[in-house]
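Colleague: Sequence and predicted structure, then a few things I'm wondering about:
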Amino acid sequence: MTNSQISGQTSYGIACFRADNNEVRILLVKRNCTYAYQEFMQGKFFARGSANVIRDKIKKMATHERSQISFMMQKYLTDCMYEPDVTHAKAAFANFFSHKYNVENVIKALQEPALPEAKLCLWGIPKGLKRISGKNEISLEKEIETAVRECSEETNLRCNIDYRIASNNERYIYSFTDDMMVYNTAAYIATTISKTNLDTIIRPENGLQRCEIEAAAWVLRKDLPQYTDGPHLTFLRGLFDSYKTLQPIDREMRQIIAA
């Protein structure tokens, strides 16, 4: 991880740590859908992707996402996809079928067993994109403002009340490429400062962004492989390592990390 300048669309988030019974934990949220499902429904890769790329995408989807695609594919083929809430899906499938992919192979891929949840990379730090406005789609949000807003929307935690961002405001950059799609994340490291029961705050019934977030959890470093895999796992481990060098760090937390 570096603090260098990066290009492309970037998500900004908060890597929030807390000391709990002599152990350090990071706050992770579980998203409702995989990157692969989002890309399929948005049709981002159809123009340049081959049938193999699409099959690879499907392999990275959860079982319920595959079922949803199968259902909507049948609706599209029978010309029943007319409801207002599926207009974007209709456009995506029109794009898909316009490239004359082998539908039988796609359907066969949709019926294959899904990967274990950790390999679907549904878990990660609370993060999101800058808000944009106007015809030129210009964002007036600062990067750190985006990170704080997204953390609040996805976890209900409040900056300078429930957690404190490290004083140097350094962001840690993570980039990975998946089937020609590039994803960037800039994370600001923070520590909890609230005496409130944080486990209660981050429960879904207490107002989490349910359209995007399914669950939240405080996770130990040793338990990270149960939640994610690959470069995502490397990034989260790197955040744990980077945390050692940042200020301010509670005395209790410093002693735990040094142990």
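Modeller: Received the coordinates, thanks.

Colleague: F40: neighbour count?
Modeller: 26 (other CB atoms under 10 Å). Glycine gets a C-beta too; all of them are placed from N, C-alpha and C.

Colleague: What of R55?
Modeller: For R55, using other CB under 10 Å, the count is 18.

Colleague: what's near enough to touch it?
Modeller: 105-106, 109 (CB atoms under 8 Å, 6 or more residues apart in numbering).

Colleague: Quick one, which of those residues are buried?
Modeller: 106, 109 (16 or more other CB atoms under 10 Å).

Colleague: Please tabulate the contacts of R55 in TSV, including the columns secondary structure.
Modeller: Formatted as TSV, these follow (DSSP: H, G, I helix; E, B strand; the rest coil):
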residue	secondary structure
N105	helix
V106	helix
A109	helix
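
Colleague: pLDDT check: weakest of the contacts of R55?
Modeller: pLDDT across the contacts of R55 is lowest for N105, at 71.

Colleague: where's it relative to R55, distance?
Modeller: 7 Å (CB to CB, to the nearest Å).

Colleague: ok, now R237?
Modeller: Taking CB to CB, one finds R237 at 30 Å from R55.

Colleague: now R149
Modeller: 37 Å.

Colleague: again with S194
Modeller: From S194 to R55 the distance is 46 Å (CB to CB).

Colleague: partner strands of the helix or strand harbouring S11, parallel or antiparallel?
Modeller: Using DSSP states H and E, the element containing S11 is strand 10-20. Strands adjacent to strand 10-20 in the sheet, as given by DSSP bridges, are strand 23-31 (antiparallel), strand 127-128 (antiparallel), strand 181-192 (parallel).

Colleague: Dump the ones you listed to CSV, plus distance to D199, mean neighbour count and mean pLDDT.
Modeller: Below are the strands paired with strand 10-20 laid out as CSV (distance: least, CB to CB, whole Å; neighbours: other CB atoms under 10 Å; pLDDT from 0 to 100):
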stretch, distance to D199, mean neighbour count, mean pLDDT
strand 23-31, 10, 20, 91
strand 127-128, 21, 20, 92
strand 181-192, 11, 21, 87
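
Colleague: Make TSV from these and add distance to I165 to it.
Modeller: As requested, these are exported to TSV (distance: least, CB to CB, whole Å):
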stretch	distance to I165
strand 23-31	13
strand 127-128	14
strand 181-192	5
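
Colleague: Quick one: closest of those strands to M73.
Modeller: strand 181-192 (21.5 Å; CB to CB).
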